[in-house]
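# below is the structure, and that's it, no one-letter string:
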């Protein structure tokens, strides 16, 4: 079963995108042969992350076994105090990981105390933390500073990181360098568009920490699947990238 | 299928070193019959040297490689015009490739005689450029058949393919070429709905980008078979007088 670690539900404010409801997303997954997808709501990017998390949790509950919820966490301002939010997971919490978006929530990744608090808790509980360099591979959309990403990983190297949205050239080189240095760093594929890039990553770092992601419904999920299907790698590596690695990281059963 | 956007040769910046043989092998794997190539040395360093290198590769693969003459800038005046003439008459090339950057934009008066020359030579123009630059150039030489490389999906154009569609709507001879890191959902469907399939040209940007992703971006979309055929080769074949 293909497991997608970079997907969304919700609306897209930049141009019409009539496919963001949880049912729409599951429909895209069905058409592309994707069995499960890690989602969070775009409401958490643009409106309010506690409300977005509630929407994400409801979607995951309504599509159990297909949608896996990651919580979006931002600065604890206004009414969003961390102690009041689902981010303090319990054994029964609906979320399996965390996403951070400083480029949308207007904070510095390295100088906000809540970020270190999140990382320390994630390290202790082995929660995956996803850092999207970008939400989709569109050059006009906000990007996280690559240097901030690297510095945060270096500061908290034992967090189970999922570095997301990297493309080619120096972006990929930084991701690979972090993978080589730190055993808990994983790389996600949705924006890796370089020529023979998947095969090069596997040759350099192995396939064990490479995770399939599509960016659906913002990106063409079938194109993302095609990239892994046609990569010049062993079938065992392909299976690991398509889901085995993510199931292990997220502690999911087949 | 015809791939209208392929790079041959060497570029330190793009980390590419691609021979014609390698590119033809990649095309074979994808089922692409012809590749429209631009030489990287000509595009970023020395037009005479690079275009001559491309000609040698065209001679090695005459049924597979079609050549774009490339210029590193619009500012070479008569020398550039003579080079285009040579590329058409002596090398049999069928188009011009040029790359606009913020530090050396092609949206300037020096580009106008180059586009006029392309009209005279029956060249199509593939330009790495922005919608705004296209509008300036097309207003000056509207009869030029102009392909906006990446359809706005490149850094200098801020990835804004919606803006690229608006520009292509204004000018009958402005086409959108599809190669890009961007694989936004509904990109192609929106292009076809707004412009018709006749104005969309398939390209992969091999060997910078993964061609399988670029092909899936065309195949895995909700457009009809005729539209897909036009985009995957029919349109560029029509523009340069080839069988697809």
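In hand now; what should we look at? Given the structure is predicted, the values throughout are model-derived calculations rather than measurements.

# nearest residue to residue A:168 in space, please, no chain neighbours.
Spatial nearest neighbour of residue A:168, chain neighbours left out: residue A:194 (3.6 Å); criterion: Cβ to Cβ, 6 or more residues apart in numbering or on different chains. In short, each C-beta sits where N, CA and C put it, glycine included.

# can you get me a residue count around residue B:63?
Residues contacting residue B:63 under the criterion other Cβ atoms under 10 Å in any protein chain shown number 8.

# what's the closest non-adjacent residue to it?
residue B:34 (7.7 Å).

# doesn't residue B:67 make contact with the one you found?
No - counting by Cβ atoms under 8 Å, residue B:34 sits too far from residue B:67 to count as a contact (11.1 Å).

# for chain A, give me the ranges with low pLDDT.
For chain A, the stretches with pLDDT under 70 are A:77-93, A:254.

# mind listing the strands for it?
A:2-9, A:34-41, A:67-73, A:95-100, A:129-132, A:161-164, A:185-188, A:210-211 (DSSP state E).

# out of the ones you listed, nearest to chain B?
Nearest to chain B among those is strand A:2-9 (10.9 Å), distances taken as Cβ to the nearest Cβ.

# any idea how far the closest one is from the chain center?
In terms of Cα atoms, centre = their mean, to the nearest Å, the centre of strand A:2-9 is found 8 Å from the chain centre.

# same check, this time on stretch B:130-141
Distance of stretch B:130-141 from its chain centroid, counting by Cα atoms, centre = their mean, is 16 Å.

# does chain A sit close to it?
No - among the residues of stretch B:130-141, none lie within reach of chain A under Cβ under 8 Å from any Cβ of the partner chain; the closest is 11.2 Å away.

# once you drop chain neighbours, what's closest to residue A:45?
With Cβ to Cβ, 6+ apart as the measure, residue A:104 is the residue that lies nearest to residue A:45, at 4.5 Å, once sequence neighbours are left out.

# the one you found against residue A:142, yeah?
Yes - because the distance of 6.1 Å satisfies Cβ under 8 Å, residue A:104 is recorded as touching residue A:142.

# anything in contact with each of the two?
residue A:135 (Cβ atoms under 8 Å, 6 or more residues apart in numbering or on different chains).

# which stretches of chain B form strands?
Counting by DSSP E, the strands of chain B are B:2-11, B:16-18, B:34-39, B:65-71, B:95-99, B:124-128, B:145-148, B:174-177, B:200-201.

# was I right about residue A:109 contacting residue A:146?
No - using Cβ under 8 Å, residue A:109 makes no contact with residue A:146, being 11.0 Å away.

# higher neighbour count, those two?
A count of neighbours by other Cβ under 10 Å puts residue A:109 above the other of residue A:109 and residue A:146, at 19 against 16.

# setting the sequence-adjacent residues aside, check what's closest to that one.
Closest residue to residue A:109 apart from its sequence neighbours, by Cβ to Cβ, 6+ apart: residue A:148 at 4.2 Å.

# how near is residue A:103 to chain B?
When Cβ to the nearest Cβ, to the nearest Å is the yardstick, residue A:103 and chain B sit 15 Å from each other.

# what parts of chain B come near chain A?
For chain B, the contact set with chain A under Cβ under 8 Å from any Cβ comprises B:15, B:153-155, B:157-160, B:162, B:181-187, B:206-213, B:215-217, B:220-221.

# if we can go back for a sec, show me the contacts for the residue nearest to residue A:109.
By Cβ under 8 Å, 6+ apart, the residues touching residue A:148 are A:102, A:108, A:109, A:110.

# residue B:137: which of the residues you listed is nearest?
Nearest to residue B:137, judged by Cβ to Cβ, of these is residue A:102 at 38.6 Å.

# hang on, isn't the closest one packed against residue A:108?
Yes - in this structure residue A:102 lies within contact range of residue A:108 using Cβ under 8 Å: 6.8 Å.

# neighbour count winner among the two?
Remark: of residue A:102 and residue A:108, residue A:102 carries more neighbours, 22 against 10, as counted by other Cβ under 10 Å.

# pull the number of nearby residues for residue B:241.
Residues lying near residue B:241 (other Cβ under 10 Å) number 8.

# could you report the pLDDT at it?
For residue B:241, the pLDDT comes out at 95.

# I'd like to know how far it sits from residue A:114.
As judged by Cβ to Cβ, to the nearest Å, residue B:241 and residue A:114 stand 63 Å apart.

# same question, residue B:135
Taking Cβ to Cβ as the measure, residue B:135 and residue A:114 are separated by 46 Å.

# nearest residue to the middle of chain B?
Per Cα atoms, centre = their mean, the C-alpha nearest to the average position across chain B is that of residue B:126, at 3.4 Å.

# my guess is that one meets residue B:177, correct?
Yes - Residue B:126 sits in contact with residue B:177 when judged by Cβ under 8 Å, with a separation of 6.4 Å.

# shared neighbours, the two?
B:4, B:5, B:147, B:149, B:203.

# the second one touches residue B:176, doesn't it?
No - with contact defined as Cβ under 8 Å, residue B:5 does not reach residue B:176; the gap is 11.5 Å.

# so which bits of stretch A:165-177 are buried?
When burial is assessed from 16 or more other Cβ atoms under 10 Å in any protein chain shown, stretch A:165-177 yields the following buried residues: A:165, A:166, A:167, A:168, A:171, A:172, A:174, A:175, A:176.

# now what about that stretch, what contacts it?
Contacts made with stretch A:165-177 from outside it, assessed by Cβ under 8 Å, 6+ apart, are listed as A:6, A:132-137, A:144, A:146, A:149-150, A:163, A:185, A:187-188, A:190-194, A:197, A:201, A:204-205, A:215, B:15, B:181, B:208.
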